[in-house]
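Chemist: sequence-free structure coming up:
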C-alpha cells in the first residue's frame, strides 16, 4: 500500500483510476485541501466537516461507502522537557480503496504504521487501519509509564522536602491524566458498541473486522487499567504531600510550644521579682542573692522542665513508664 504524506491531486487521481490502494496522511491541512481530498475519495460532506473542525470526541460514523473514525493516541513528555503527556487526535476516513488520516499535532505517532503499510504484507485497508489503531493505543502506555515514574520521583522529594512546586506539578499531572481519561474510556466504549460498522464497508470482512476491533478493544482495556493504577499512585502522592506538610507543621508547632513552655516560668520569676516589694528591696541584696535567686532559681526551673519533658517523651527519646515510651515489666 502506497503512503502519500502530501496531497497531490493528480497522483491521487492516477491511483484511483488504476484501482490501487493507498494511504493519504495529511498534517494540519487547510480547509480547502481537506474538502478537495474528500471530494476525490467520495467522502460524505458531514465527514469532511468533522475533519475541518477538530476537537471531536472518539467516535465511529458510517456513511455510504465510507466511515469516519476519530481516534486518539498520546504524546509522552520527553525527559527534562517539563511538558505534560497529552492526547493526540487523529481522524481516519476509511474507504474500500484508500485511507485518509488528518492530524494537527506535529508528533507523528503513525510513522511506524506508514512503514508497515508500505510493505507487501499489508494489502488491505482493513489491515492498515488495524496497524494504525494498534500503534495509537500502544502510545498511551509509555505516556502513562512516564507519569508513573515521575510520580515516584516526586514522592521521594516530598519525603525530603515537601515544596509547593511539587504540589503544583502533581496537580498538573492529575489534570493531564484527567484529559487522557476523557478519551481512553470513550474510545473503549465506542469500539465495544460499534464493532459492526466497518463490516458495511466494501472489502472489509465481517470476521476480520470483528477480530481487529476486538483486539484493539482488549488493548484499550489494559490501558484503562494502567490509567487507573497511575491515578491511584498520583492520589497517594498528593495524600503523602498533605501528610508531610502536616507533620512538618506539627514539628514546628512542637518546637514553638516547648520554647514557650520554658519561657513561661522564667517570665513569672522575673515578673515577680521585678515588682519591687518593700520587703524584697530591704532584705534581698548583694551578688549572692542575685546569683541564688535570680540566676540559680531560673536554672533550677529550666533543668526541672527539661528533665520532665525528656521523661515524658517531648524531648529526646521517650523514657520507660511514660506516655510516649515503653512500659517496664
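Modeler: Cool, the structure landed. Quantities reported herein were computed from a predicted structural model and do not represent experimental measurements.
Chemist: and the end-to-end length of stretch 50-63?
Modeler: Distance across stretch 50-63, first residue to last, is 13 Å (CA to CA, to the nearest Å).
Chemist: Domain-wise, how is the protein divided?
Modeler: Per automatic domain parsing, the domain ranges recorded for the chain read 2-245, 250-312.
Chemist: From residue 182, how far off is residue 230?
Modeler: To residue 182, residue 230 is 15 Å away according to CB to CB, to the nearest Å. From N, CA and C alone the C-beta is placed, and that goes for glycine too.
Chemist: and the residue of the chain most remote from its centre, what helix or strand is that in?
Modeler: Distance from the C-alpha centroid of the chain, by CA atoms, centre = their mean, peaks at residue 282 (76.7 Å). Applying DSSP states H and E as the criterion places residue 282 in helix 278-283.
Chemist: Then residue 68 would be within a strand, right?
Modeler: Yes. Per DSSP: H, G, I helix; E, B strand; the rest coil, residue 68 lies within a strand segment.
Chemist: from now on call the first residue 31
Modeler: Sure thing, new numbering starts at 31, so read that last one as residue 98.
Chemist: That one touches residue 79, doesn't it?
Modeler: No. Residue 98 lies out of contact with residue 79 (CB atoms under 8 Å); the separation is 10.2 Å.
Chemist: what's the burial count for the residue nearest to residue 345 when sequence neighbours are not counted?
Modeler: Nearest non-adjacent residue to residue 345, counting by CB to CB, 6 or more residues apart in numbering: residue 339, 4.4 Å away. Residue 339 is flanked by 15 other residues according to other CB atoms under 10 Å.
Chemist: and what of the one 4 residues further on?
Modeler: Each residue near residue 343 was counted by other CB under 10 Å, and the total is 14.
Chemist: quick one, phi/psi of it?
Modeler: Main-chain torsions, residue 343, degrees, to the nearest 10: phi 90, psi 10.
Chemist: got a pLDDT number for it?
Modeler: pLDDT, residue 343: 74.
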